[in-house]
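Chemist: This is a predicted model, with the sequence first.
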There are 2 protein chains.
Amino acid sequence: MRSNEPDATELALCAVFPTDLTMLLHAAAERMTDELDLAAVQMGLNDVRDWLVLAALDDGRPRTQLELSRVVCVDKTTLISVLDRLEKHELVVRSVDPADRRVRIPQITPTGRKVYAKFAIARDAAEAHALDGVDQADRALLLSLLARIADRQEATLSST
Amino acid sequence: MRSNEPDATELALCAVFPTDLTMLLHAAAERMTDELDLAAVQMGLNDVRDWLVLAALDDGRPRTQLELSRVVCVDKTTLISVLDRLEKHELVVRSVDPADRRVRIPQITPTGRKVYAKFAIARDAAEAHALDGVDQADRALLLSLLARIADRQEATLSST
DNA sequence: TTCGGATCGTCCGGGTCCAGACGATCCGAA
DNA sequence: TTCGGATCGTCTGGACCCGGACGATCCGAA
């Protein structure tokens, strides 16, 4: 029950760390994920990694599992369980590369493509909702700054 | 060794999902966290939760563990292990509220304050680095949009 | 005072994650 | 051809996370 202290404790971390970039990034990502996870489970996907992998596969470009794990930033061992689940639901198939029988090429199936398309609609709606009332220029700026932050670290990492 | 395929596979997920808000939020948060985790470990903290808790305690406002767990968005059971670790390193102490012996009031110690201050410098440097070259107005816009996204969902949640 | 329900911090069980080890396979050198 | 090192996907051990249950404590009603 929240009848005792309805809003006193509800001050989210934004109230405590109003200007901390990292905190805000986390909180915002969390909020979006929560909303999308809800949509994802409704159509049989498990969590953010499922549709993340599906999204990466949706462009049809062949990738090995290792490449895929790097692209979506999921540990290769964890990726196995994701692919196992998706394959069980017949959303992807793993085919062996005839040129190199060590590697598996996960591919999205027509069913998988359909599920992902349906999910993409929900995703776009959620993102549009989150940015409701923000004009186009500001949205573009937000996205570009985020992309800049996301990419920046590659330089600092490779300097080791 | 990255001598074989140095940059071919390095195209991060921004290249795959250039316009997806949620993805970018995740990636950006991840990058910042990676950088800050590095700084945190160097001064004896464990991961993002440690300095998150420390940051919340640094304002000196007394909070119960339950309140604290809500503020920093950490499960109350997980918070216990965080506090155990911080207390072992003498960065915080748990004192019993004399008015209600059920509750514990975690408080930051002078040592903890010192460690956090040191970390805060590294954090500010990392964030300044991430936004290097972005003018003040754009930074403010970024922060406000992130805060907006982070807070937005409370409304949609409480509507249930 | 006594007592039942509510709330605090903590503990336990099942599930998940990831570093490291492993077999299978490729490829270049001899 | 043969062989040693490198790389692929998979498996496994130990650590972590969190929902639910627990004892301790508070507080209002009788």
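Modeler: Received it, and whenever you're ready, just let me know what you need.
Chemist: Check whether the helix or strand where residue A:125 lies comes near chain B.
Modeler: In the assignment (DSSP states H and E), residue A:125 maps to helix A:110-130. Yes - judged by Cβ under 8 Å from any Cβ of the partner chain, helix A:110-130 comes into contact with chain B through A:123, A:126-127, A:129-130. Placement of C-beta: from N, CA and C, glycine included.
Chemist: What is the neighbour count of the closest residue to residue A:39 other than its chain neighbours?
Modeler: Among residues not flanking residue A:39 along the chain, residue A:122 sits closest, at 3.9 Å (Cβ to Cβ, 6 or more residues apart in numbering or on different chains). Here the number of neighbours of residue A:122 (other Cβ atoms under 10 Å in any protein chain shown) works out to 17.
Chemist: List the residues that contact the most centrally placed residue in chain A.
Modeler: For chain A, the residue nearest the mean C-alpha position is residue A:52 (4.4 Å; Cα atoms, centre = their mean). Counting by Cβ atoms under 8 Å, 6 or more residues apart in numbering or on different chains, residue A:52 makes contact with A:72, A:74, B:23.
Chemist: after whichever strand or helix holds it comes which helix or strand?
Modeler: Using DSSP H and E, residue A:52 sits within helix A:48-57. Helices and strands here follow DSSP H and E; after helix A:48-57, the next one along the chain is helix A:65-71.
Chemist: and that following helix with chain B, contact?
Modeler: Yes - between helix A:65-71 and chain B, judged by Cβ under 8 Å from any Cβ, the touching residues are A:67, A:70-71.
Chemist: Residues of chain A that sit close to DNA strand C?
Modeler: Remark: the part of chain A in contact with DNA strand C comprises A:1, A:4, A:47, A:49, A:74-75, A:77-78, A:81, A:99-102, using Cβ under 7 Å from any atom of the strand.
Chemist: Out of those residues, which end up buried?
Modeler: Among the residues of chain A next to DNA strand C, those buried by neighbour count (16 or more other Cβ atoms under 10 Å in any protein chain shown) are A:49, A:74.
Chemist: The residues of chain A next to DNA strand C: which two are farthest apart?
Modeler: Largest separation among these by Cβ to Cβ: A:4 and A:99, giving 65.7 Å.
Chemist: tell me which element residue A:105 is part of?
Modeler: strand A:104-108.
Chemist: part of a strand, is residue A:132?
Modeler: No - counting by DSSP: H, G, I helix; E, B strand; the rest coil, residue A:132 is not part of a strand but coil.
Chemist: Closest to DNA strand D out of the residues of helix A:110-130 next to chain B?
Modeler: Nearest to DNA strand D among the residues of helix A:110-130 next to chain B is residue A:126, at 21.1 Å by Cβ to the nearest atom of the strand.
Chemist: Flag the helix or strand of chain A with the lowest per-element mean pLDDT.
Modeler: helix A:13-16 (a mean of 58; mean pLDDT, DSSP states H and E).
Chemist: Counting by contacts, list what the following helix or strand past that helix packs against.
Modeler: Per DSSP H and E, the first helix or strand lying C-terminal to helix A:13-16 is helix A:21-42. Using 3 or more Cβ pairs under 8 Å, 6 or more residues apart in numbering or on different chains; DSSP states H and E, the elements in contact with helix A:21-42 are helix A:13-16, helix A:48-57, helix A:110-130, helix B:21-42, helix B:110-130, helix B:136-158.
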